[in-house]
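Undergrad: I'll drop the sequence and a predicted model, then ask my questions.
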Amino acid sequence: MATHPYCDGIRRRDFLRVGALGATGLGLSDFLCLAEAGELKNAKATSAIFINLAGGPSHLDSFDPKPEAPAEYRGEFKPIRTNVPGIELCEHLPRLAQCADKFALLRGVSHSLTEHQMGTKYLNTGNRPLPSLEFPGYGAVVSKELAGARDLPPFVAIPKTPQVAGVLGVEYAPFSTQAVPRAGQPFTVRGITVGRGLTIEKIERRQKLLTDLEETFRAYEKDSSLLKGLDRFSQRAHDILSSPRASLAFDISQEPPSIAKLFPESAVAQSCLLAVRLIEAGVRFVSIDHGGWDTHDKIFSEMKDKLLPELDGGLAGLLTALELKGLLGTTSVFVTGEFGRTPKLSTQRVGRDHYPRAMFVLLAGGGMKGGQVIGGSDAKGEAPASGNGISPDDVAASFYHSLGIDAAKEYRTPTGRPVAIVRNGTVVEELFA
């Protein structure tokens, strides 16, 4: 899966770099997460898949078309009907149009952060960023609240993620594969599938995991809570590295043809196939990074030829495969970018710029009712159709609700500061009607 420079000069591979404590996820070769039991009441879902559309997809040219708007707003694409009367999508999402009954669209989602990194933090935590606090991403919270099998990583990022453990500590950081699978081929994950004749025993004798971690984080060795977290990581890593079940869970070549054929050969589609397989095996949270949506110019060729078809094939395959496996009801699916894009086209560049005042979010599974549109944007896609629209905080509260997690629950920082999972969010009740 390619890395893309954002227009503001920050490269995605820098923003998502693996191994920086408190800033990004952590690679499998370093350490893996420890899941702990949490409070769970009235849960609909027991796992989740998050797809990050990095760069900010245009809402008008995907899930919120405006065919009646002036040409400089509506763009080149035409809407098509879906299998749900009254719901239309962009013409380049034909497979998703045929499974619109499986997902809900939130339109008129709105915030005010126009910069990539800040918008990404907001949409990956449900909390507006603060300079004094690193909020945990969705995967870290789910890892903490939902207990999982000890020989499987609870939080897997394909190939990496901007979500961090934040105040929850290193033990809840993601396991980042750092690679994407290829169709029909066993997926070799560094540290799980070991090549060149290496065995777990040889690796352990050569270099103890805890020694690696203490060396990596020597600057933090006075922080006893960190060392405790690293020690738990090393114990968990040993269990996973030694587990035949973990190795098998990552091998997409084991999927039956009836499932594999649902997924095109693109990197994002094969990542979606891997996500389904991991969820079926017992992984609690899988994130997928699908970048390239920072379309300031050549927006229609980029979206028509690559971005929309890749998302269409991968996400439609994911939703269909989950349903066929009987997993859609117990898996919450969350698809979003960090913002939308300007409704009025830049005719000189043939592109759209950053625009957080109106965007879409797609949700499915986990007791959330599909086949509906909640909220809306105005006639030109410039703002919510009424009021302040739906906030990212509201989306987060709803997502956690689908998993039986109380979004108002508070954690404590090492200094005792209380931190709510979501500070300012209200569940969107229509999702669960």
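TA: Received it, and whenever you're ready, just let me know what you need. Numbering: from 1, shown residues only.
Undergrad: for the stretch 101-250 of the chain, what spans make up the strands?
TA: Defined through DSSP state E, counting those that start in this stretch, the strands belonging to the stretch 101-250 of the chain, from first to last, are 103-109, 155-158, 175-176.
Undergrad: Any chance of those in a markdown table with distance to residue 143 and mean neighbour count as columns?
TA: In short, each C-beta sits where N, CA and C put it, glycine included. Conversion of the strands of the stretch 101-250 of the chain to a markdown table gives the following (distance: least, C-beta to C-beta, whole Å; neighbours: other C-beta atoms under 10 Å):
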| stretch | distance to residue 143 | mean neighbour count |
| --- | --- | --- |
| strand 103-109 | 24 | 25 |
| strand 155-158 | 5 | 31 |
| strand 175-176 | 10 | 30 |
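Undergrad: Can you say which of those strands is nearest to residue 259?
TA: Distance to residue 259, taken as C-beta to C-beta, is lowest for strand 155-158 among the strands of the stretch 101-250 of the chain, at 17.2 Å.
Undergrad: if we can go back for a sec, using JSON lines, lay out the strands of the stretch 101-250 of the chain together with distance to residue 346.
TA: As requested, the strands of the stretch 101-250 of the chain are exported to JSON lines (distance: least, C-beta to C-beta, whole Å):
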{"stretch": "strand 103-109", "distance to residue 346": "23"}
{"stretch": "strand 155-158", "distance to residue 346": "33"}
{"stretch": "strand 175-176", "distance to residue 346": "35"}
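Undergrad: Residue 129: which of the ones you listed is closest?
TA: strand 103-109 (17.0 Å).
Undergrad: Centre of the chain to the closest one, how far?
TA: Taking the mean of its C-alpha atoms, strand 103-109 sits 16 Å from the chain's own mean (C-alpha atoms, centre = their mean, to the nearest Å).
Undergrad: residues in contact with it?
TA: Residues lying outside strand 103-109 but in contact with it, judged by C-beta atoms under 8 Å, 6 or more residues apart in numbering, are 59, 63-64, 87, 96, 319, 333, 336, 358-364, 368-377, 383-386, 389-392, 395, 428, 431.
Undergrad: Flag the shaky bits of the stretch 201-350 of the chain, pLDDT-wise.
TA: Low-confidence segments of the stretch 201-350 of the chain, defined by pLDDT under 70, are located at 201-238, 241-242.
Undergrad: let's go with 90 and repeat that
TA: The model of the stretch 201-350 of the chain has pLDDT under 90 over residues 201-247, 347.
Undergrad: Spell out, range by range, the helices that occur in it.
TA: 209-216, 224-241, 244-249, 257-260, 267-281, 299-302, 308-324 (DSSP state H, counting those that start in this stretch).
Undergrad: buried stuff in the fourth one?
TA: By that I understand helix 257-260. Of the residues in helix 257-260, 259, 260 count as buried by neighbour count, 16 or more other C-beta atoms under 10 Å.
Undergrad: Show me what that helix is packed up against.
TA: helix 267-281, helix 308-324 (3 or more C-beta pairs under 8 Å, 6 or more residues apart in numbering; DSSP states H and E).
Undergrad: closest to residue 419 out of the ones you listed?
TA: Distances from residue 419 to each of these were compared by C-beta to C-beta, and the smallest falls on helix 267-281, at 27.8 Å.
Undergrad: In which helix or strand does the residue nearest to residue 379 when sequence neighbours are not counted reside?
TA: Distance criterion C-beta to C-beta, 6 or more residues apart in numbering; nearest residue to residue 379, sequence neighbours excluded, is residue 69 at 6.1 Å. Assigned by DSSP states H and E, residue 69 belongs to no helix or strand.
Undergrad: how many other residues sit next to residue 69?
TA: Counted by other C-beta atoms under 10 Å, the residues lying close to residue 69 total 18.
Undergrad: Using the three-state scheme, assign the residue nearest to the spatial centre of the chain.
TA: Here the mean C-alpha position of the chain is nearest to the C-alpha of residue 50 (C-alpha atoms, centre = their mean), at a distance of 2.8 Å. At residue 50 the chain is in strand, as set by DSSP: H, G, I helix; E, B strand; the rest coil.
Undergrad: Dig out what it forms beta bridges with.
TA: Beta-bridge partners of residue 50, counted by DSSP bridges, are residue 287, residue 334.
Undergrad: isn't it right up against residue 138?
TA: Yes. With contact defined as C-beta atoms under 8 Å, residue 50 reaches residue 138; the gap is 5.8 Å.
Undergrad: residue contacts, residue 401?
TA: Residue 401 makes contact with 407, 427, 432, according to C-beta under 8 Å, 6+ apart.
Undergrad: can you rerun that using 10 Å?
TA: With contacts defined as C-beta atoms under 10 Å, 6 or more residues apart in numbering, residue 401 is in contact with 42-45, 332, 366-368, 407, 425, 427-429, 431-432.
Undergrad: Spell out for me the ChimeraX command that would select the buried members of these.
TA: A single ChimeraX command selects the buried members of the contacts of residue 401 (16+ other C-beta under 10 Å):
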select :43,44,45,332,366,367,368,407,425,427,428,431
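Undergrad: Closest to residue 288 out of the contacts of residue 401?
TA: The shortest distance between residue 288 and any of those, using C-beta to C-beta, involves residue 332 and amounts to 14.0 Å.
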